Structure formats: C-alpha cells, structure tokens
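Undergrad: next one to model:
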Amino acid sequence: MTAAFYHLQKTLNHYQFLPSDAWQAYQACCSKKKLVKGQILYSIGSLPTSFAFIHKGLMRAYVIDKSGSEFNKNFFAEGRFPGSMSTLLNSEASTLEVQALEECEIIEINYQKFRKALFIHQDLMKFHINYLEKHWLLEKESKEIGYLQYEAKTRYEKFLEDFKAILARLPQYHIASYLGITPTQLSRIKKNI
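TA: Numbering: from 1, shown residues only. Below you'll find the predicted structure:
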C-alpha cells in the first residue's frame, strides 16, 4: 500500500474503524493525483464528480462575488477532504472553487461510487456521519456564530486557535479574506494583540 493510501486508511479509521471489505470498497472509489501550486481542483460553474483527500499539501475553498473579489470559505490541510458536497448532493453547478495553495498529492474519490458503497457498508456510513458531524456541522456552526457575535479581533483569535497547525503556511491576505476583513485591518489587529 502506498503512503497516500496508508494515510487515507489511518484517517478513515480515526473516525470509524473500517474492516477490510469496507476499506476495499472505499479504495475502489479512489485514484491518486498531483496538483501544482495555484491549480484549481474544482471550479465555479463546474459539475464535479468527486471530492478529494489531501495526503500532502494545502488547499482553500472560496467564492467569488460579482465584482471579482474572492472570499475564503475554508482551508484544508493533510488529512482533510476538500470538495463541494452540496454540489455533489444536488448535482448542481459549483458555487465555490477549490484551489491548491501548495503542491499537493491527493486521492480523488468518485462520489457516485462512494455513495453506492455507503449504502452497502455500514462502517462507511458511520465514518461519513462522524466526519460530517465534526467538520460540516460543528465547525461550520461555530464559525457562523462567531461571525454573528464577535468582532474581528475575537474572530482572529479563534482562527489562531483553530488553524494553528497551518498558520505559517497561509498568506496574510488569505487569512484576512477568511475573516471577512481587509489585510490592513488584519495588520492592525495583529499589532494590538
């Protein structure tokens, strides 16, 4: 087994142990891929057929407004699964873009094959529920509440806590975009901390 697939298996087992039949079914949905820095994995307006697992590298998911400004929605480092799940579920054009911020080694997971495997292997279903609960519900809800209740300084302090493992790898303008502030505002906040 390659290092990328070993990493994937270890990550899946962190959320739910997968017996060999479920793991083999998951592997059958997968293919390895490399991305160069700046490469778009899933673009706005496209209809993706997969999501990904990051073995090495860093990615961002972002939206672009009518004036062409970019707003970061999330960052994904090693062990995470970037993609547009709502696009995959609804079979609609993507409203967000996923881009490599570094050179990346990923495993792409075919969504239709994965979806079929979910309903055959109960352990895969448990993994999927556990992952979605942690990353798509709990993290998302916390971020949304933070935007409604906290000023930019408090949001930045929470960002430092949540993303400390990748902080040094993120340009300041990407952090500012994620927080919904300008790079100048971010500089002022950093000076006051």
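Undergrad: for the rest of this, base every contact and every neighbour count on C-alpha atoms.
TA: OK.
Undergrad: for this protein, what helix or strand is lowest in average pLDDT?
TA: Among the helical and strand segments of the chain, the one scoring lowest on mean pLDDT, DSSP states H and E is helix 139-149, with a mean of 67.
Undergrad: check which helices and strands whatever helix or strand comes next after it is in contact with.
TA: Beyond helix 139-149 on the C-terminal side, the first helix or strand identified by DSSP states H and E is helix 152-162. Using 3 or more CA pairs under 8 Å, 6 or more residues apart in numbering; DSSP states H and E as the contact criterion, the secondary-structure elements in contact with helix 152-162 are helix 172-179.
Undergrad: mind listing residues that contact the longest helix along the chain?
TA: For the chain, the helix that runs over the most residues, judged by DSSP state H, is helix 3-15. With CA atoms under 8 Å, 6 or more residues apart in numbering as the test, helix 3-15 has contacts from 18, 23, 53, 55, 79, 105, 106, 107, 127, 130, 131.
Undergrad: now for the residues you listed: which two are most distant?
TA: Checked with CA to CA, the contacts of helix 3-15 reach their widest spread between 105 and 130, with 24.3 Å between them.
Undergrad: of those two, who's got more company?
TA: residue 105 (21 against 16; other CA atoms under 10 Å).
Undergrad: is that one in a helix, a strand, or coil?
TA: For residue 105, the reduced secondary structure class is strand; criterion used: DSSP: H, G, I helix; E, B strand; the rest coil.
Undergrad: show the contacting residues for the spatially most central residue of the chain.
TA: Closest to where the C-alpha atoms of the chain average out (CA atoms, centre = their mean) is residue 82, at 3.3 Å. Neighbouring residues of residue 82 by CA under 8 Å, 6+ apart: 51, 52, 53, 54, 59, 61, 76, 98.
Undergrad: could you give the bridge partners of the fifth one?
TA: For residue 59, the beta-bridge partners are residue 76, residue 100 (DSSP bridges).
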